[in-house]
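**Student:** below is the sequence, then the predicted model.
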Amino acid sequence: MRSIINISLPKELSQKVDSLVKKGKYSTKSEFLRDLIRNRIEEEEVLGELKKSQEEIRQGKGKTLRSLKDLR
């Protein structure tokens, strides 16, 4: 099921999105926005994992690896 949302963009941003669509980078403005949203969600997930790892290191749970063999 899809939800329809309406957004308002300044003319300059709208023209830049139009340009990307015309260049074939995206098939539609909607696809551009879906890709933008997916990327932002992924960034948030990666940042969350990074913060979690940093906290574990602060708590002394980290391990210094001297080579790739240490990953085993």
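**Tutor:** All right, it came through fine. Residues are numbered from 1 along each chain as shown.
**Student:** can you give me phi and psi for Phe32?
**Tutor:** For Phe32, the backbone dihedrals (degrees, to the nearest 10) come out as phi -60, psi -50.
**Student:** with adjacent residues omitted, what lies nearest to it?
**Tutor:** Distances taken as C-beta to C-beta, 6 or more residues apart in numbering put Tyr26 closest to Phe32, at 4.2 Å, once the chain neighbours are dropped. C-betas here are computed from N, CA, C, even on glycine.
**Student:** most centrally placed residue in the chain?
**Tutor:** Nearest to the geometric centre of the chain sits Asn39, at 2.7 Å (C-alpha atoms, centre = their mean).
**Student:** helix/strand/coil for it?
**Tutor:** The assignment at Asn39 comes out as helix when based on DSSP: H, G, I helix; E, B strand; the rest coil.
**Student:** distance of it from Lys22?
**Tutor:** 21 Å (C-beta to C-beta, to the nearest Å).
**Student:** list the buried residues of stretch 9-17.
**Tutor:** Buried residues in stretch 9-17, counted by 16 or more other C-beta atoms under 10 Å: Val17.
**Student:** should've said stretch 63-72
**Tutor:** Going by 16+ other C-beta under 10 Å, stretch 63-72 has no buried residues at all.
**Student:** from the opening residue of that stretch to its closing one, how far?
**Tutor:** Stretch 63-72 has an end-to-end distance of 12 Å (C-alpha to C-alpha, to the nearest Å).
**Student:** hang on, Glu56 packs against Leu50?
**Tutor:** No: contact criterion C-beta atoms under 8 Å: Glu56 and Leu50 do not qualify, at 10.7 Å.
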